[in-house]
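Chemist: Kindly generate the corresponding structure for this input.
(chains A and B)
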Number of protein chains: 2
Amino acid sequence: MISRPVGRIEGLRARLVHDHLDALLIVSLPNARYLTGFSGSTALVVVSQRDVTLITDFRYETQTADECFTGTTVRIEAASLWKGLWEVLSRDIQVKAIGFESAHLMHRDFQRCLEQGDRWHWRPTLDLVESSRMVKDPGERDLIRLAGVVAMDALAATLPQVRAGLTELEVCGILESELRSRGSEAHPFPPIVASGERAALPHARASNRVIGPGDFLLLDFGATVQGYCSDVTRTFVVGAASERQRVVHDLVRRAQEAALAGIRAGITGKAADATARDLIEAGGHGAGFGHGLGHGLGLEVHESPRLSRLSEDSLPIGSVVTIEPGVYVPGWGGVRIEDDVYVTSGGVELLTEYPRALVELTP
Amino acid sequence: MISRPVGRIEGLRARLVHDHLDALLIVSLPNARYLTGFSGSTALVVVSQRDVTLITDFRYETQTADECFTGTTVRIEAASLWKGLWEVLSRDIQVKAIGFESAHLMHRDFQRCLEQGDRWHWRPTLDLVESSRMVKDPGERDLIRLAGVVAMDALAATLPQVRAGLTELEVCGILESELRSRGSEAHPFPPIVASGERAALPHARASNRVIGPGDFLLLDFGATVQGYCSDVTRTFVVGAASERQRVVHDLVRRAQEAALAGIRAGITGKAADATARDLIEAGGHGAGFGHGLGHGLGLEVHESPRLSRLSEDSLPIGSVVTIEPGVYVPGWGGVRIEDDVYVTSGGVELLTEYPRALVELTP
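Modeler: Below is the predicted model:
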């Protein structure tokens, strides 16, 4: 058994008292993992003032013993987890008002709860666990940093294998293999490998496109270490870069460095976004930066806080966020540079170390 | 634009009439893809007697033009898809009673619907689209077959690179790379690479375990072609197999071949499961076959129908299912052999061709 990280359950319990809830039902798997350590794909978790209970099925009996934090009561169900839930809830007569995760509970499962009649009162909640997850403890920060090292080492090993004539999917496979051989447990998202004019599509998947000399090659990917994700991007040119490619790359690099220098705890998501966007707008490419500057990451690759033109979220001390400005020119190509940082009162601590200057790959 | 496959919308519309629904709101992405062709990660779809409307965001403008079936009205929203939904629904005064997918709609989004007041009546539905998806047309069957070819070719290319001393994660990376270089658009699930005693864990992920001589090596993985998945398993021995390994492998192989010979349309999931389970029980390993015989697959890797001891589902003509018996001996290892088949009135058509006899890999 692994010691439960300090504060996770205590903070949630204080919040339940504040919200007049006797217990919280957790169906989100990343939230369940955060509270219990369990990484399986089927779980219900109940946190009350008395207990932390994980309900899962027989396939995970060994795994719960290996993974669960101390203080977690594990209940293995042969058939329905919901049947187990009703029994767990029945055993604590203090539990009457139960919060549930409105953004994660399916309508069908909400109906299951209502069908239990007036035994319990079900109350929708939003972000009770997510708001704690936004602030990382040093252990979490170090795992994200490790996931960053795995990602960047995999990138360094991939680049010498890239050449014109390969497809994006072939490069994607090489990168996935280098991530795996360095211990990445999972791809936090399918790597984006976008070449030539496809680099202008911020959410391109890897395709059968053959990479040609003079193409941009944008790689956006991550690694996972003990559940924690990294998420990084670099954009290269295969062969000699044109003047226009250099100019756009340089603009994005300067915008990213301005953000790294300008962001600190307490800044709003909007103001953080502006640290990079102002430069890109001044460079005449404001319309080509169609997404936000970044997002929180941790057990999931997209978490709070959001860094965007619309976000009033304030960046707390200890949040981990991506800084990823981009410029996209439809039909021509695009550049994005992305790193992960730990937010402190004085600024940011870079978790992903890798050169940002434009690299021309051997064609 | 791509022609809409015949029958998909017509069948759903007939079902809506039968259920007294004027329209169906679809939030499940695989269901949205089945009805419109759209493969993006953000979409709401409304099917009424008059229209098929896809609502998505600006990132997907180009992609909808490339992917959507004829007859799909595409609406691009700058901000909230839900705001777009209310407008789409308002335009058709015939639409009053709207079905929604109870197993896919989050409580929070259900609340958004209720907050629209009495403009519409919201009715929960289950499996309206999934039940059509269960029966594959010849085009779908052929894509699954192609995904099977990609998977099996990748396996053939991976095996000569496997040797004792590699970790499971390294083998996983080699396999992923071979899948990508043959055009697999996505890994339908993270490949399972389980060696030695870990082969006894039916849901093992690849780990840092070093593969040793004499170990079982179980590979369970798939490929994706135009959205359609394959899902296959073979179990090898690294070096010389022991007598016990041979006996267990042979039992599983015979059970799988009995299932391939015994299953045809109309059989229940339970009876299908028994075609293999009876042999495994007769071989004294009944307790070691802890999961069902198989499951449907298509746009998702787990679909209806289910083949298990509890399933009363009847296998329709044209369903595609996995046949994957296994025997697991905790602390020692396990064997699973899995192929994908197309179910016909006379039997099954094998979609994944690869030898099943035990192979001893060069250690």
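Chemist: which residue ranges form the helices in the stretch 101-250 of chain A?
Modeler: Taking DSSP state H, counting those that start in this stretch as the test, the helices found in the stretch 101-250 of chain A are A:107-114, A:128-133, A:138-158, A:168-181, A:243-262.
Chemist: Compile those helices into CSV and extend it with columns for distance to chain B.
Modeler: Backbone N, C-alpha and C define where each C-beta goes, glycine included. Formatted as CSV, the helices of the stretch 101-250 of chain A follow (distance: least, C-beta to the nearest C-beta, whole Å):
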stretch, distance to chain B
helix A:107-114, 4
helix A:128-133, 13
helix A:138-158, 9
helix A:168-181, 3
helix A:243-262, 19
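Chemist: Tell me which of these sits most buried.
Modeler: Highest mean neighbour count among the helices of the stretch 101-250 of chain A (mean count of other C-beta atoms under 10 Å in any protein chain shown): helix A:168-181, with a mean of 26.
Chemist: Report all helices and strands that that one contacts.
Modeler: Packing partners of helix A:168-181 (3 or more C-beta pairs under 8 Å, 6 or more residues apart in numbering or on different chains; DSSP states H and E): helix A:138-158, strand A:192-195, strand A:216-221, helix B:168-181.
Chemist: where does the residue nearest the centre of chain A fall, helix, sheet strand or coil?
Modeler: A centroid search over chain A (C-alpha atoms, centre = their mean) returns residue A:301, at 1.5 Å, as the residue closest to the centre. Per DSSP: H, G, I helix; E, B strand; the rest coil, the local secondary structure of residue A:301 is coil.
Chemist: since we're on the residue lying closest to residue A:192 once chain neighbours are set aside, how many residues are nearby?
Modeler: The shortest distance from residue A:192 to any non-neighbouring residue, by C-beta to C-beta, 6 or more residues apart in numbering or on different chains, is to residue A:220 (3.9 Å). For residue A:220, the neighbour count with other C-beta atoms under 10 Å in any protein chain shown is 22.
Chemist: could you list every residue that touches the closest residue to chain B within the stretch 201-350 of chain A?
Modeler: Closest contact between the stretch 201-350 of chain A and chain B, by C-beta to the nearest C-beta, is at residue A:203 (5.6 Å). Counting by C-beta atoms under 8 Å, 6 or more residues apart in numbering or on different chains, residue A:203 touches A:192, B:40-41, B:59.
Chemist: go again using 10 Å as the cut-off
Modeler: A:192, A:194, A:220, A:291, B:40-42, B:59-60, B:63 (C-beta atoms under 10 Å, 6 or more residues apart in numbering or on different chains).
Chemist: ok, now residue A:278?
Modeler: By C-beta under 10 Å, 6+ apart, the neighbours of residue A:278 are A:255, A:258, A:262, A:286.
Chemist: Also residue A:314?
Modeler: Here residue A:314 is in contact with A:265-272, A:305 (C-beta under 10 Å, 6+ apart).
Chemist: again, only this time at 8 Å
Modeler: Residues near residue A:314 by C-beta under 8 Å, 6+ apart: A:266-269, A:305.
Chemist: Going by neighbour count, which of those residues comes out on top?
Modeler: Highest count within the contacts of residue A:314 by other C-beta under 10 Å belongs to residue A:269, 25 neighbours.
Chemist: which parts of the stretch 251-363 of chain A sit against chain B?
Modeler: Contacts of the stretch 251-363 of chain A with chain B, taken as C-beta under 8 Å from any C-beta of the partner chain, map to residue A:290.
Chemist: What ranges does the stretch 251-363 of chain A have for its strands?
Modeler: Along the stretch 251-363 of chain A, counting by DSSP state E, counting those that start in this stretch, strands occupy A:294-296, A:303-307, A:320-323, A:326-329, A:333-336, A:339-343, A:348-350, A:360-361.
Chemist: so who does residue A:78 touch?
Modeler: A:57-58.
Chemist: nope, residue A:100 is what I meant
Modeler: If you count contacts by C-beta under 8 Å, 6+ apart, residue A:100 has them with A:24-25, A:27, A:110, A:113, A:122-125, B:107.
Chemist: quick revisit: TSV for the strands of the stretch 251-363 of chain A, including mean pLDDT?
Modeler: Shown next, in TSV, are the strands of the stretch 251-363 of chain A (pLDDT from 0 to 100):
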stretch	mean pLDDT
strand A:294-296	98
strand A:303-307	96
strand A:320-323	98
strand A:326-329	96
strand A:333-336	97
strand A:339-343	98
strand A:348-350	98
strand A:360-361	97
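Chemist: Redo these as a markdown table? Include distance to residue A:239.
Modeler: Compiled in a markdown table, these are given as follows (distance: least, C-beta to C-beta, whole Å):
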| stretch | distance to residue A:239 |
| --- | --- |
| strand A:294-296 | 30 |
| strand A:303-307 | 34 |
| strand A:320-323 | 28 |
| strand A:326-329 | 19 |
| strand A:333-336 | 14 |
| strand A:339-343 | 26 |
| strand A:348-350 | 29 |
| strand A:360-361 | 6 |
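Chemist: re the thing from before, out of the helices of the stretch 101-250 of chain A, flag the one nearest residue B:281.
Modeler: Proximity to residue B:281 (C-beta to C-beta) singles out helix A:107-114 among these, at 34.1 Å.
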